[in-house]
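Visitor: 3D model of this:
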Amino acid sequence: MKTNNKTEKVSFKQAFIDYWKGYVDFQGRTTRAGYWWMQLTFFLSGLVFIVIIFSQVAISDSINDDYETDIAIMVFLAVILLTWLVLFLPSLALTIRRYRDVGYGGVVSWYF
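Guide: Numbering: from 1, shown residues only. This next block holds a predicted model:
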C-alpha cells in the first residue's frame, strides 16, 4: 500500500495485509505486485464460486424437486452477495490508488 520504493518486492501475504489496511484509503499508493496479487486472488476465488454454483445446479437438476438443495443454492448465493458487498470498497480503493500510481488519476482524483 504505502511504499516509497516502487520496485519493492511484495509477497502475497504483504499484498493481502496492505489490501485490508487500505480498506478506505484512497490517497495512498499501491505497488504493481500488490495490485496483481489481489486481482489473481479475486479471479481464482471467482472461479471456485462458479464451479460450486454450477455443481450445485447440476445436483439440483439431477434430483427432482429437492427443496433443500434449492435452499442451499440460495444461501450460497446470499453469501456470495455479502462477500461482494464487503470486498467492494477495498477493491475500489485499491483500483483507484493503482490508477493514480500509473498516471490515470485525472478524473478519479476529482472524487477521491
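Visitor: Within the helices and strands, which one has residue 39?
Guide: With secondary structure defined by DSSP states H and E, residue 39 is part of helix 32-62.
Visitor: Tell me the buried residues in that helix?
Guide: 33-35, 37-38, 49, 56, 60 (16 or more other CB atoms under 10 Å). (Each C-beta comes from the backbone N, C-alpha and C, glycine too.)
Visitor: Next: stretch 83-95.
Guide: Going through stretch 83-95 with 16+ other CB under 10 Å, the ones that come out buried are 90, 93-95.
Visitor: Spatially central residue for this structure, please.
Guide: Here the mean C-alpha position of the chain is nearest to the C-alpha of residue 42 (CA atoms, centre = their mean), at a distance of 4.4 Å.
Visitor: Surely it touches residue 91?
Guide: Yes. With contact defined as CB atoms under 8 Å, residue 42 reaches residue 91; the gap is 7.3 Å.
Visitor: shared neighbours, those two?
Guide: With contacts taken as CB atoms under 8 Å, 6 or more residues apart in numbering, not a single residue reaches both residue 42 and residue 91.
Visitor: quick one: which of the buried residues of helix 32-62 is nearest residue 25?
Guide: Using CB to CB, residue 34 is the member of these that lies nearest residue 25, at 12.6 Å.
Visitor: Tell me who's in contact with the closest one.
Guide: 1, 10, 14-15, 18-19, 94.
Visitor: Could you identify the most distant pair in those residues?
Guide: Using CB to CB, the pair of the contacts of residue 34 lying farthest apart is 14 and 94, separated by 13.6 Å.
Visitor: Format the buried residues of helix 32-62 as TSV; extra columns: distance to residue 101 and pLDDT.
Guide: Formatted as TSV, the buried residues of helix 32-62 follow (distance: CB to CB, whole Å; pLDDT from 0 to 100):
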residue	distance to residue 101	pLDDT
33	12	89
34	10	89
35	8	90
37	15	91
38	14	91
49	29	82
56	40	72
60	45	65
